[in-house]
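1. Need coordinates for the following:
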Amino acid sequence: MDTRHAPAAANSPLLLDRQVCFALYAANLAMGKLYRKLLQALDLTYPQYLVMLVLWERDGLTVSEIGERLYLDSATLTPLLKRLQAAGLLDRVRSTADERQVVITLTTAGRTLKKRASTVPNEVLCAAGCRVDELHSLKRDLDRLRSHLSGED
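-> So this is what the prediction gives:
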């Protein structure tokens, strides 16, 4: 009998709908689609938005400090920073204390963009259809999951 197309057992651990990784993947796709739409008005990609969030929290960070916050290596981060610099949102300057370090600072345009971006979190909250405390709980759970999976705990 050909079993290639036979239905999987309902209790099989290999059912797609039972996979946490797939739920995270599908949610990430939906979140990415939402952010693409919201960030289009700011002329930012999602990774660029994350860089800007870090710099709006604390300006004047090194590339490695930004990379640590975003879990990105410098090879991934440098092209993002170059595009943001070309867009006039930040400056990249070698540190005078250590020339191996590149310090990233916001330009006036980069600081001004923060005000325009301030509506994004609320728009995400509305689109999620959740209460604030539910999203905070979900974020805590995801942070804990990431910590466990990366061996940080």
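2. what's the distance between the one helix or strand Asp133 maps to and the middle of its chain?
-> Following DSSP states H and E, one finds Asp133 within helix 132-149. Offset of helix 132-149 from its chain centre (C-alpha atoms, centre = their mean, to the nearest Å): 14 Å.
3. That one - contacts with which helices or strands?
-> Packing partners of helix 132-149 (3 or more C-beta pairs under 8 Å, 6 or more residues apart in numbering; DSSP states H and E): helix 120-128. Glycine gets a C-beta too; all of them are placed from N, C-alpha and C.
4. Nearest residue to the middle of this structure?
-> Leu50 (5.2 Å; C-alpha atoms, centre = their mean).
5. I figured that residue was touching Gly67, is that so?
-> No: look at Leu50 against Gly67 with C-beta atoms under 8 Å: they stay out of range, at 11.2 Å.
6. Buried residues of the helix ranked longest in the chain, list them for me.
-> Looking only at the chain and at elements set by DSSP state H, the helix with the highest residue count is helix 20-40. Under the neighbour-count criterion of 16 or more other C-beta atoms under 10 Å, helix 20-40 has 34-35, 38-39 buried.
7. Need the mean per-residue confidence for it.
-> For helix 20-40, the mean pLDDT works out to 97.
8. elements contacting it?
-> helix 46-57, helix 120-128.
9. which one of those is the most hemmed in?
-> Stretch with highest mean neighbour count among these: helix 46-57 (a mean of 18; mean count of other C-beta atoms under 10 Å).
10. contacts for the following helix or strand past that one?
-> The helix or strand immediately downstream of helix 46-57 is strand 61-62, counting by DSSP H and E. Contacting residues not belonging to strand 61-62 are listed as 54-55, 69, 95, 101-104 [C-beta atoms under 8 Å, 6 or more residues apart in numbering].
11. Give the buried subset of the residues you listed as a PyMOL selection command.
-> Only the buried entries of the contacts of strand 61-62 go into this PyMOL selection, using 16+ other C-beta under 10 Å:
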select buried, resi 54+55+69+102+103+104
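12. how about TSV for the contacts of strand 61-62, with pLDDT, secondary structure and distance to Ala27 added?
-> Below are the contacts of strand 61-62 laid out as TSV (pLDDT from 0 to 100; DSSP: H, G, I helix; E, B strand; the rest coil; distance: C-beta to C-beta, whole Å):
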residue	pLDDT	secondary structure	distance to Ala27
Val54	98	helix	23
Leu55	98	helix	26
Arg69	96	helix	22
Ser95	81	coil	39
Gln101	89	coil	36
Val102	90	strand	34
Val103	94	strand	35
Ile104	97	strand	30
